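Visitor: just the structure for this:
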Amino acid sequence: MSTPTPLDPREVETPVGFLDLERVRANAQRVAGYAAAKGLGWRPHIKTHKSTVVARIQLEAGARGLTVATPREAEVMSSLTPDLVLAYPPVGPAKLERLNRLPEHVDLKVALDDASVLRPLAASARAAGRTFGVLAELDAGLGRVGVQSAEALVRLASEASTLAGVRFRGILFYPGHLRMPPEEQVAGLEDVARRVREAVDALDGVGLHPEIVSGGSTPTLWQSHLIDTMTEIRAGSCIFFDREGLELGVADLGDIAYTVLATVVSTAVPGRAVVDAGSKALSKEERGGRGYGFLADRPEVRVVGLSEEHGILDLSGSAWSPAVGERVRIVPNHVCVSVNLQDALLARDGEHYAVLALEGRGRGPWIG
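Guide: The predicted structure is shown next:
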């Protein structure tokens, strides 16, 4: 952590992201244990936390490497592990230049779905005297990115296998369309498993067996083993969990490691209270008419409205009568976006409090 001496949390201004490191460790151990028991690797996506402290906890728990989304995240996390996957196509010479400046020992695998990304990547790596791995991305049903057929994936992988500067390493996919309780996921996971198996078989048919088959998500985390050809899972928000994880049934309230600490600033309107955590602290991602979050210690109190600096609490279902100045902790709908809105986090480790830096946040080059 960035402050070596104990910190009085009452002196910290709100709103601020609040982290329980004991729960972070417990979550990391649970996910790593599940993955190991199912013969899977865990390569968590660090976009959730962007913190070297949290990434180190994941690696110490047994994560095989880390997943990043930006050159900045790759720069930061290369200081902890050489085993990185960039799960976002690096388009443009500026991003390619930054990737080539990563330490030489870094084993970077780049996910992409188009030869127009593959060829410049190979050329830039070749000019820099290095080789990047390539993961051909397959659309598993989300309809966002990824080649649309096993045949298209084979064509992309075959070209990657012939270009100097890159080496074909495997497949990447994301079942992000499966956002329902685990008991309702089975048919969807069977379809994903079929698509991925067809891709693996097609690659095997041309002698390009994928060393890595990287997939998974937090909503499907505990059923990842149903995708039988997958070798690793990239679930990331499971390190903190959020309202979505609770509502989908993949986490309990006791698993929530991240909340937003806020202060009640007004109780003037009957049946409501206003806190100082607005959209710039929580993010304005709404969940089906159910608001933007709820109080960790009083789940019946929901955040029903957000403006930039105001969060409106609905007190109609609670006997609680807050006072101005009282502090509350809010469970956000989507933890990844909320964390990215913070300059730093207030972290609690037992009885000790300190400020935790978010080194991977931002876009500029990291000087570390």
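Visitor: who is the residue nearest to Asp8 when sequence neighbours are not counted paired with across the strands?
Guide: Spatial nearest neighbour of Asp8, chain neighbours left out: Tyr353 (7.2 Å); criterion: C-beta to C-beta, 6 or more residues apart in numbering. (Glycine included, C-beta is placed from N, CA and C.) Using DSSP bridges, the beta-bridge partners of Tyr353 come out as Arg348.
Visitor: ok, Tyr353 - contacts?
Guide: The neighbourhood of Tyr353, defined by C-beta atoms under 8 Å, 6 or more residues apart in numbering, consists of Pro6, Leu7, Asp8, Pro9, Leu346, Ala347.
Visitor: which among these count as buried?
Guide: Leu7, Leu346, Ala347 (16 or more other C-beta atoms under 10 Å).
Visitor: would the second one count as being in a helix?
Guide: No - following the definition DSSP: H, G, I helix; E, B strand; the rest coil, Leu346 is strand and is not counted among the residues of a helix.
Visitor: that one contacts Thr14, doesn't it?
Guide: No - using C-beta atoms under 8 Å as the test, Leu346 is too far from Thr14 to be in contact (9.2 Å).
Visitor: what touches both of those two?
Guide: Common neighbours of Leu346 and Thr14 (C-beta under 8 Å, 6+ apart) are Leu261.
Visitor: pull the number of nearby residues for the residue nearest to Ser307 when sequence neighbours are not counted.
Guide: Nearest residue to Ser307, sequence neighbours excluded (C-beta to C-beta, 6+ apart): Gly278, at 5.4 Å. When neighbours are defined as other C-beta atoms under 10 Å, Gly278 has 22 of them.
Visitor: OK, contacts around Gly278?
Guide: Here Gly278 is in contact with Pro15, Leu306, Ser307, Glu308, Glu309, His310, Gly311 (criterion: C-beta under 8 Å, 6+ apart).
Visitor: pick out the most distant pair among the residues you listed.
Guide: Pro15 and Ser307 (13.2 Å; C-beta to C-beta).
Visitor: looking at those two, which is more packed in?
Guide: Pro15 (22 against 12).
Visitor: the more buried one is in contact with Ala277, isn't it?
Guide: Yes - with contact defined as C-beta under 8 Å, Pro15 counts as touching Ala277 (3.8 Å).
Visitor: between these two, which contacts overlap?
Guide: With C-beta under 8 Å, 6+ apart as the test, Pro15 and Ala277 both reach Val260, Ala262.
Visitor: quick check, Arg197 in a helix?
Guide: Yes - according to three-state DSSP, the state of Arg197 is that of a helix.
Visitor: apart from its chain neighbours, what residue comes closest to it?
Guide: Nearest to Arg197 is Thr229, by C-beta to C-beta, 6+ apart, at 5.2 Å.
Visitor: got the contact list for that neighbour?
Guide: Thr229 neighbours (C-beta under 8 Å, 6+ apart): Ala193, Val196, Arg197, Val200, Val213.
Visitor: SS state for the last one?
Guide: Yep, that's Val213 we're talking about. strand.
Visitor: so it bridges to which residues?
Guide: Ile171.
Visitor: what's the neighbour count on it?
Guide: If we define neighbours as other C-beta under 10 Å, then Val213 has 23 of them.
Visitor: residues in contact with it?
Guide: Neighbours of Val213 in contact, by C-beta under 8 Å, 6+ apart: Gly170, Ile171, Val196, Val200, Thr229, Met230, Thr231, Glu232.
Visitor: A strand includes the fifth one, no?
Guide: No - with the criterion set as three-state DSSP, the secondary structure at Thr229 is coil rather than a strand.
Visitor: that one and Ala94: what is the separation?
Guide: Separation of Thr229 from Ala94 (C-beta to C-beta, to the nearest Å): 36 Å.
Visitor: could you check how far the residue nearest to Arg197 is from Ala140?
Guide: Taken as C-beta to C-beta, the span from Thr229 to Ala140 is 12 Å.
Visitor: wait, Phe168 touches Ala122, no?
Guide: No - using C-beta under 8 Å, Phe168 is not in contact with Ala122; the gap is 11.0 Å.
Visitor: quick check: neighbours shared by the two?
Guide: Ala160.
Visitor: what segments of the stretch 151-300 of the chain are helices?
Guide: With helices called from DSSP state H, counting those that start in this stretch, the stretch 151-300 of the chain shows them at 186-205, 243-248, 279-282.
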